[in-house]
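Trainee: With the sequence up front, the predicted model follows.
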Amino acid sequence: MSAPVLLVIAHGSRDPRHAATVHALTARVRSLRPHLRVETGFLDFNAPSVPRVLERLAAQGAGDVIALPLLLTRAFHAKSDIPAVLHEARTGLHRLRIRQAEVLGPSPLLNSALERRLYEAGIRPGDRSSTGLVLASAGSTDPEAIAVIAEIARELRHTGWCSVRPAFASAPLPRTEDAVRALRAEGVRRVAVAPYVIAPGRLPDRIAAGAAEADVRADVLGASPELARLLLTRYDEARVPLARPASLSA
């Protein structure tokens, strides 16, 4: 039996850097597992759309598909948009067996990717005790997603940073610039901003603008090795139930 197709579902953006980053990430996933078929579909702005990819897979005789949301938290897109698109596909493409994987976060691999970007921006392990960190996410109106970001900030605080504050680009306060100024007001000598987002775009640009008064600004998570490994982890977790009937009958 062939392995299920991995369909990575990205939001999409008018900013061409977004799609380029998504494709670079899926290319890294393919390099880690060369025999796995990996497809990319977008919810908006970019092609191919998720329905078009699924139609093509059905026409080519694919059987099982694991749809993986390229999202860091369970918010509106993971709870509503993507399930609706997949439900419609299941209704019209009866031969496809589609399973939605879990979102990427939270995960220690995401924290490792975040640290990689901070080190690339100039932070060193010995700097943590004198550096305040702003964990800057895109933001959401979903309380579950907001709570996840706050919990990650608390976890990071226990890894040696002198202070960690969450910030949001599209949610109610605090914004990135507010978190930077709050750390300064606490007497923190050095402030670093770590974007907890996958790809460039409008909201990451807003984070970057808000980080103007910080000493260090890391890049987005992008096509990091840790993120590519995490995609495969979520794929494998979703694949287990698909394989269970075969193992029971063996």
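Mentor: Okay, I see it.

Trainee: quick one: contacts of the lowest-mean-pLDDT helix or strand in the chain?
Mentor: Ranked by mean pLDDT, DSSP states H and E, the helix or strand of the chain with the weakest confidence is helix 76, at a mean of 77. With Cβ atoms under 8 Å, 6 or more residues apart in numbering as the test, helix 76 has contacts from 140-142. Placement of C-beta: from N, CA and C, glycine included.

Trainee: Identify each buried residue in the next helix or strand after that helix, please.
Mentor: The element immediately downstream of helix 76 (helix or strand, assigned by DSSP states H and E) is helix 82-92. Buried positions in helix 82-92, judged by neighbour count with 16 or more other Cβ atoms under 10 Å: 82, 85-86, 89.

Trainee: okay, the residues you listed in a markdown table with distance to Asp236 and pLDDT next?
Mentor: Listed next are the buried residues of helix 82-92 as a markdown table, based on distance: Cβ to Cβ, whole Å; pLDDT from 0 to 100:
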| residue | distance to Asp236 | pLDDT |
| --- | --- | --- |
| Ile82 | 19 | 95 |
| Val85 | 23 | 95 |
| Leu86 | 19 | 96 |
| Ala89 | 22 | 93 |
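
Trainee: and Leu173, how many residues sit next to it?
Mentor: Neighbour count of Leu173, defined by other Cβ atoms under 10 Å: 8.

Trainee: so how far is Leu221 from it?
Mentor: 24 Å (Cβ to Cβ, to the nearest Å).

Trainee: Just give me the closest of the contacts of helix 76 to Pro204.
Mentor: For the contacts of helix 76, the closest approach to Pro204 (Cβ to Cβ) belongs to Ser140, at 14.8 Å.

Trainee: Now do the helices in this protein.
Mentor: 16-32, 50-59, 76, 82-92, 108-120, 143-157, 176-185, 202-210, 225-249 (DSSP state H).

Trainee: Of these, give the one that comes closest to Glu102.
Mentor: helix 225-249 (5.6 Å).

Trainee: Averaged pLDDT, that closest one. What do you get?
Mentor: Averaged over helix 225-249, pLDDT sits at 80.

Trainee: Trp161 - nearest residue in space that isn't next to it in sequence?
Mentor: The shortest distance from Trp161 to any non-neighbouring residue, by Cβ to Cβ, 6 or more residues apart in numbering, is to Leu133 (4.6 Å).

Trainee: Wait, the one you found touches Glu155, no?
Mentor: No. Applying Cβ atoms under 8 Å as the test, Leu133 and Glu155 come out as separate, 11.5 Å apart.

Trainee: Which one's more surrounded, these two?
Mentor: Of the pair Leu133 and Glu155, Leu133 is the one with more neighbours under other Cβ under 10 Å, namely 31 against 14.

Trainee: ok, the more buried one - contacts?
Mentor: Counted by Cβ under 8 Å, 6+ apart, Leu133 has contacts 118, 156, 161, 163-165, 191-194.

Trainee: just checking, Pro166 touches Ser137?
Mentor: Yes. Between Pro166 and Ser137 there is a contact at 7.0 Å, judged by Cβ under 8 Å.

Trainee: before we move on, back to that, drop anything exposed from the contacts of helix 76.
Mentor: Listed as buried from the contacts of helix 76 are 140, 142; burial here means 16+ other Cβ under 10 Å.

Trainee: and which of the contacts of helix 76 is nearest to Leu71?
Mentor: Nearest to Leu71 among these, with distances taken as Cβ to Cβ, is Ser140, at 10.0 Å.

Trainee: ok, and the closest non-adjacent residue to Gly184?
Mentor: Residue 184: Arg, not Gly. Val191 (6.7 Å).
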